[in-house]
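Visitor: Sequence and predicted structure below; questions after.
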Amino acid sequence: MPEYQTFEHDVLVIGAGGAGLRAAIEASAGGASVGIVCKSLLGKAHTVMAEGGIAAALANVDERDNWKVHFADTMRGGQYLNNWRMAELHAREAPDRVRELEAWGALFDRTKDGRILQRNFGGHKYPRLAHVGDRTGLEMIRTLQDHGVHRGIDVHMECTVLPLLKDGDRVAGAFGYERERGRFHLFKSKAIVLATGGIGRAYKITSNSWEYTGDGQALAYHCGAELMDMEFVQFHPTGMVWPPSVQGILVTEGVRGEGGVLQNREGKRFMFEDIPELYKSQTADNPEEGWRYCQGDRNARRPPELLTRDHVARCIVREIKAGRGSPHGGVFLDISWIKQKLPNAAEHIRKKLPSMYHQFKQLADIDITKEPMEVGPTTHYMMGGVRVDGDTQMSTVPGLFAAGEVAAGLHGANRLGGNSLSDLLVFGQRAGKFAAQFAREHTGSRIDAAEVDQAARRALEPFERKGAGTEGPYQIQHELQEMMQNLVGIVRNETEMLRALEGVHKLRGRARRVGVHGNREYNPGWHTALDLDNLLTVSEAITLSALERKESRGAHFREDCPNQESALGKVNTFVRKGPDGLMQVRREPLAEMRGELKQIIEEMK
Amino acid sequence: MCMTRLSDLPLDKPVTLEPMKAFPHLRDLVTDVSWNFRVKKKIKPFKPRPPDAPDGTWRMAQADVDRVQEFRKCIECFLCQNVCHVLREHQKHEEFIGPRFLVYAAALEMHPLDTEDRTEELRQAHGIGYCNITKCCTKVCPEEITITDNAIIPLKERVVDNFYDPLGKLVKLFRPKAQK
Ligand SMILES: Cc1cc2nc3c(=O)[nH]c(=O)nc-3n(C[C@H](O)[C@H](O)[C@H](O)COP(=O)(O)OP(=O)(O)OC[C@H]3O[C@@H](n4cnc5c(N)ncnc54)[C@H](O)[C@@H]3O)c2cc1C
Ligand code: SF4
Ligand code: SF4
C-alpha cells in the first residue's frame, strides 16, 4: 500500500492565484483553519502575468461611471448569456475589493489628485481599469500573498491535486503528490475551494503557462459537478508570433488602449471595415476620433481596435487567410506611429508599457517605439467552467466551491479585459466566506481508505507500464494540442469537431498505456502523464459543448452556422458525467432576470 | 542570466548550466528555496496610516508611488540571493535576510502609507550590516531593480540615523512618516 501523509483543514483551497489567495484570506478571517495548495511556488500563479488592470467602477477618472454601467458592459460583452446575479455582484463589489487591496499595501498608478488611476480597455464604456503600469497581476498577487502569510494559512507549495474525494454526496478531501520528492499527500477538509485557473494548455498556441491543464474543471467533473459554457474559449487577438519559441506570449490590450493600431501588410487599418451593429454607436468612425479617445477625450468614441476580443481575433484571422498578413503569419500592431502626435513618444511608450517594451526588445529584438510588432491570436481564457451558485460560489456538489477562471457564469459568451482580476477578488472573497460558513455548519467527513489507496495506485501506474504498446506522454500531449488548435479553434464547423471528438477518444485510449521512466523525484514526464487525463476531459467538454451550440455567439464562432439564433441566446450548455461514466451534454434555459436589471440593460443600450 | 539567449553564446563550446548554490540542491537544476518564504514571514507587515478621505481611501502622489514601484517589480526569482556572497559563500542564512528581502523591507519602509518601524530588526535579526555593497545582486536582477543603491543604501542610512542619532529619532517620532 503506497504511503501518504495526512493534513487536516476546515477549508482547503486548491490554487494560489488571485482567486485562491483571496478565498484563503477570507476563509481564515471567517475563523476557519485554512490550507492552500498550488502546483508551483507561492506567488508564481498565472495571475502574476496579468498586465492590463482590474476593472472596477471607481469613477475616479470619469464620474459618469457606476456599477450599473459596468454591469451593462459585462452583460453586453457576454452576449447576455452571463449569470446575471454574478454580473451584478461583480459590478457592485469590485470597487470595494480594489480599495481593500490598497489598504493591504498595493500601490496603483495615481490620478493627478492622488486617487487610483483608471485606464480604457476594450468593451468598457469609461476608463475603468485600476493598474500598475503593465504589471497589475504581479502587484495583486504580491499584495495578497504578503497579506496572507501573516494570517496563519498553511501553504503546501509545489503540490498537485489529483482526484477530489467524497463522503456520500459531499466533498471530503483531496489527494495529491508533491513535485520535489513525489510523495503523496491526503488533505481532509470540510469544504474545498477550487481556484485552479484555466485550460490554455489544451491548445498549441496559448498565452497560458504550463500549469493550465484544466485540472480544476476535470477534478470537479469527475467528482460529479456540472460544467457550463465550455464552448466559450477566448482567443486573445494579440499574441507574439515570432520567433517560434515565444509564439503565443501575450501582447497586452494596453498597447491598443494607448493608441496602437492594427494594420495588414498593405498598411491598411482593417478594423475600420468591420464594426458590428451592436457596437456601431460606441465606435469611432475615423482614426482622428479614435486617437482622441486614447488621449482621454471624453466626447470621442473608442477606436475599432478596442472592440471585443473575439471580433478583433476573427478580423485578424480573415486578413491572414486572405494573404494580407505579416511575414510570419500575423498582422502588424503599431504603437510607434504616435510619434507623429506626441513630442516625447518613445519615452511615453516606455513609461506606459514597460513590460511590452522589454518583452519585444529581449525576445524578438524589436524596439516597439520605432517599429511595428507582429501579432496573431492566442488561446487566452476560459469563460466556461464549474457551474456555481451566483451568491455563494458553491458548485452542484455540496461543500465544493469554485472561484476565478475555473468557475463559469460571470463572463457568459465572452469576457471583457480586466473583468478577470476583479472576478478573482469578488468571487474569491465570496467563495472563501461561504466555504468557511459551510465548514462551520458541518461536522467532519469520512474518507474511505480504500479509495485513497486506489488513487495512489492509479497515480503510480505509468511507472509500471513497460515494453511494447507503451509510449511517452509528450507525443500524446502534442497531438492533442495540435488537434484542438486546428479543429476546435477560432473558426469551427461540425465536420471538424466530430473528427476532434473521435480524436479525443483515440488519444484517451493511448493515454491509458502511457509509461514513464525514472523515479518519483521531480519527474516532469510523470507529471505530464498525470495531466493528460485532465487535458482530455476538458477537450472533450469543449468539443461537445461547441457541437451543441449550433450558432455563432461571442467567442464561439461556427462557419457552418455563422448567425446568432435567438432561441440559443436563452440557454446555457451543461456537461456532466453520466451514470455510465460517459460525458453528457444538455441545454438549460437561463434564469429569468430581475426587472430592475433588465431595465438597466435597456437604458444602456 | 535567466534571460540569456543561446544565440548570444559561443556555441562551439559546451554551455554549462548549474543549479543555484545558495540553496540546498534537490535534483538536476532544482534547489529548495523554501528558506526564502520563511524569511519573508519574519518581516513586519504593512501598517497603513488612517485613511485620508472620509470614504476610507488615501491620496498619494505618483512621484512617491514611483519610487516604491521599482521595488515592487520583484518577481522573487531569488537570483540576487544566489549571488550574494553572504549567503552563497558564508551561508549566513540565520543572520542575514539577503538582498531580496532588503528590497522587500525597503518597499515597506518607503511605502507612502506605512507607519511601521523596522530599523531595529534590520540592524539585528535581519543583519543588514553583513552587506558590504559589492552590488553583485544588482547586476543579476532580471527586473533591473537597483537593489544596492536604491534599496539597501537608503535602508542602511535609516538604520544609522535611528540608532546613532537618538535625538533625531525622537524628532521623527513626532513627524508623520510621509514627510520624511
Ligand atoms: C498573459 C495574461 C495576461 C492577462 N491579463 C489580464 C488583465 O490584464 N486583466 C484581467 O482581468 N485578466 C487578465 N488575464 C486573465 C487572468 O490573469 C486570469 O484569468 C487569472 O489570473 C486567473 O486567476 P485564478 O486565480 O483563477 O487562477 P491562476 O492565477 O491561474 O492560479 C491557478 C492556481 O491553481 C494552481 N493549480 C492548478 N491546478 C492545480 C492542481 N491540480 N493542484 C494544485 N494546484 C493547482 C496553480 O498552481 C495556481 O496556483 C491575463 C491572463 C494572461 C495569461
Ligand atoms: S551588495 Fe550586499 S546584498 Fe548585494 S550581493 Fe553584495 S553583499 Fe549581497
Ligand atoms: S534578482 Fe531582482 S527580481 Fe529576482 S528576487 Fe532579486 S530583487 Fe527580486
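Guide: Yep, it's here. Ligands and ions are numbered 1, 2, ... in the order given.
Visitor: burial of the closest residue to A:Thr528 other than its chain neighbours, as a residue count?
Guide: The shortest distance from A:Thr528 to any non-neighbouring residue, by Cβ to Cβ, 6 or more residues apart in numbering or on different chains, is to A:Pro473 (4.3 Å). The way it works is simple: take the backbone N, C-alpha and C, and place the C-beta from them, glycine included. Neighbour count for A:Pro473, taken as other Cβ atoms under 10 Å in any protein chain shown: 22.
Visitor: For residue 111, list the residues it contacts.
Guide: No chain in the question, so chain A it is. A:60-61, A:117 (Cβ atoms under 8 Å, 6 or more residues apart in numbering or on different chains).
Visitor: oops, chain B please
Guide: A:105, A:107, B:46, B:68.
Visitor: Which of these are buried, as a ChimeraX select command?
Guide: In ChimeraX, selecting the buried portion of the contacts of B:His111, with burial taken from 16 or more other Cβ atoms under 10 Å in any protein chain shown, looks like this:
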select /A:105,107 /B:46,68
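Visitor: What is the burial count for B:Val15?
Guide: Neighbour count of B:Val15, defined by other Cβ under 10 Å: 9.
Visitor: Quick one: low-confidence residue ranges for chain B.
Guide: Applying pLDDT under 70 to chain B picks out residues B:1-7, B:164-180.
Visitor: the helices in it, which residues?
Guide: Using DSSP state H, the helices of chain B run over B:34-41, B:62-72, B:79-83, B:85-88, B:98-109, B:119-123, B:136-140, B:153-164, B:166-173.
Visitor: Distance to A:Val575 for these - can I get that in CSV?
Guide: Formatted as CSV, those follow (distance: least, Cβ to Cβ, whole Å):
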stretch, distance to A:Val575
helix B:34-41, 38
helix B:62-72, 41
helix B:79-83, 44
helix B:85-88, 51
helix B:98-109, 44
helix B:119-123, 53
helix B:136-140, 48
helix B:153-164, 55
helix B:166-173, 62
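Visitor: didn't B:Cys77 look like it was pressed against B:Val140?
Guide: No: B:Cys77 lies out of contact with B:Val140 (Cβ atoms under 8 Å); the separation is 9.0 Å.
Visitor: Now do the SS call for A:His236.
Guide: With DSSP: H, G, I helix; E, B strand; the rest coil as the basis, A:His236 sits in strand.
Visitor: and the longest helix seen in chain A, is it in reach of ligand 1?
Guide: Longest helix in chain A, counting residues (DSSP H): helix A:524-548. No: applying Cβ under 6 Å from any ligand atom, one finds helix A:524-548 separated from ligand 1 by no less than 7.5 Å.
Visitor: could you give me the average pLDDT of that helix?
Guide: The average of the pLDDT scores along helix A:524-548 is 96.
Visitor: Can you give me the pLDDT of A:Leu278?
Guide: The score at A:Leu278 is 79. That number is its pLDDT.
Visitor: ok, whatever residue of chain A ends up closest to ligand 1 - contacts?
Guide: Ligand 1 sits closest to A:Gly17 of chain A, with a gap of 1.9 Å, by Cβ to the nearest ligand atom. Residues near A:Gly17 by Cβ under 8 Å, 6+ apart: A:45-47, A:141, A:195, A:197, A:404-405, A:424.
Visitor: Equivalent analysis for A:Lys204, please.
Guide: A:478, A:481-482, A:484-485.
Visitor: swap in A:Cys294?
Guide: By Cβ under 8 Å, 6+ apart, the residues touching A:Cys294 are A:120, A:257-259, A:303.
Visitor: beta partners for the nearest residue to A:Asn419 once chain neighbours are set aside?
Guide: In this structure, A:Asn419 finds its nearest non-sequential neighbour in A:Ala55, 5.0 Å apart by Cβ to Cβ, 6+ apart. Beta-bridge partners recorded for A:Ala55 (DSSP bridges): A:Leu129.
Visitor: A:Ala55 reaches A:Leu425, doesn't it?
Guide: No: at 10.4 Å, A:Ala55 does not count as touching A:Leu425 under the criterion of Cβ under 8 Å.
Visitor: How much space separates A:Cys159 from A:Ala29?
Guide: According to Cβ to Cβ, to the nearest Å, A:Cys159 and A:Ala29 sit 24 Å apart.
Visitor: Of all the residues in the stretch 401-550 of chain A, which one is nearest ligand 2?
Guide: For the stretch 401-550 of chain A, Cβ to the nearest ligand atom, closest residue to ligand 2: A:Tyr522, 28.2 Å.
Visitor: which residues touch the residue minimising distance to the centre of chain B?
Guide: In chain B, the centroid-proximal residue (Cα atoms, centre = their mean) is B:Val103; its distance is 1.7 Å. Taking Cβ under 8 Å, 6+ apart, we find B:Val103 in contact with B:71, B:74, B:80, B:145, B:147, B:151-152.
Visitor: before we move on, what about A:Lys188?
Guide: By Cβ under 8 Å, 6+ apart, the residues touching A:Lys188 are A:6-9, A:172-173, A:444-445, A:447.
Visitor: quick one on the thing from earlier: would JSON lines of the contacts of B:Val103 with distance to ligand 1 and neighbour count be doable?
Guide: Shown next, in JSON lines, are the contacts of B:Val103 (distance: Cβ to the nearest ligand atom, whole Å; neighbours: other Cβ atoms under 10 Å in any protein chain shown):
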{"residue": "B:Phe71", "distance to ligand 1": "22", "neighbour count": "24"}
{"residue": "B:Cys74", "distance to ligand 1": "18", "neighbour count": "24"}
{"residue": "B:Cys80", "distance to ligand 1": "24", "neighbour count": "27"}
{"residue": "B:Ile145", "distance to ligand 1": "22", "neighbour count": "23"}
{"residue": "B:Ile147", "distance to ligand 1": "26", "neighbour count": "28"}
{"residue": "B:Ala151", "distance to ligand 1": "27", "neighbour count": "26"}
{"residue": "B:Ile152", "distance to ligand 1": "31", "neighbour count": "22"}
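Visitor: what's the closest of the residues you listed to A:Val504?
Guide: The shortest gap between A:Val504 and any of the contacts of B:Val103 belongs to B:Cys74, at 41.6 Å (Cβ to Cβ).
Visitor: excluding its backbone neighbours, what's nearest B:Gly127?
Guide: Excluding its sequence neighbours, the residue lying closest to B:Gly127 (Cβ to Cβ, 6+ apart) is B:Phe96, at 3.8 Å.
Visitor: Give me the phi and psi for the closest residue to A:Ala220 other than its chain neighbours.
Guide: Of all residues not flanking A:Ala220 in the chain, A:Val386 sits nearest, at 4.6 Å (Cβ to Cβ, 6+ apart). The phi and psi torsions at A:Val386 (degrees, to the nearest 10) take the values phi -70, psi 130.
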